[in-house]
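*Asks:* no sequence on hand, only this structure:
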């Protein structure tokens, strides 16, 4: 008889966790996060001050990976509900002066490498973007949304047909959450 392992994720005092069928809703002082657990072989329950993930069927390496992945998502959601995730991007323009602005949920980049048409990057719902000088600050309670918004902005100024060692113009991620990229 094989014992089905469990993964416990502790819940801090000022965070509220609700489990509705297969959806985990985490509410804290910085915001709310939701996670829908798609795989039916993963069970989830709440006991006092922890969330427990376990395997419903036969325990294999696949179930272990799914349990650990969902536990990591829940830990990130708890951390984001306590304090917002922050991403910093640096605006670098060496050849042409770039104009960067925010309009209707998009970051608009004008005059990138002298182009006549403005480039746009979508700011996902649940994240906020602020431009201060030559830096863009992205904040969100959800790590995935903050990271995807920062990636959208970085990808909108991607250069494909020029030597990147010479043409270093663009917008680049320089700081992710608690660690610096450069």
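*Replies:* Looks like it arrived, so ask away. Here the structure is a predicted model, which means the values were calculated and not measured.
*Asks:* low pLDDT regions in the protein?
*Replies:* Counting by pLDDT under 70, the ranges of the chain that qualify are 1-4, 178-182.
*Asks:* what's the burial count for the closest residue in space to residue 127 that isn't next to it in sequence?
*Replies:* Closest residue in space to residue 127, ignoring its immediate chain neighbours: residue 140 at 3.8 Å, by CB to CB, 6 or more residues apart in numbering. Yep, even glycine has a C-beta here, placed from its N, CA and C like the rest. Using other CB atoms under 10 Å, residue 140 has 27 other residues around it.
*Asks:* same check on residue 85?
*Replies:* Around residue 85 there are 23 residues (other CB under 10 Å).
*Asks:* got phi/psi on it?
*Replies:* phi -80, psi 140 (degrees, to the nearest 10).
*Asks:* quick one: buried residues of stretch 147-160?
*Replies:* By 16 or more other CB atoms under 10 Å, the buried positions in stretch 147-160 come out as 147, 148, 149, 150, 152, 153, 154, 156, 157.
*Asks:* run through who's touching that stretch.
*Replies:* With contact meaning CB atoms under 8 Å, 6 or more residues apart in numbering, stretch 147-160 is reached by 85, 87, 89, 107, 109, 112-113, 119-124, 127, 129, 136, 138, 140, 167, 169-173, 176.
*Asks:* show me which of those are buried.
*Replies:* Buried members of the contacts of stretch 147-160, counted by 16+ other CB under 10 Å: 85, 87, 89, 107, 109, 112, 119, 121, 123-124, 127, 129, 136, 138, 140, 169-173, 176.
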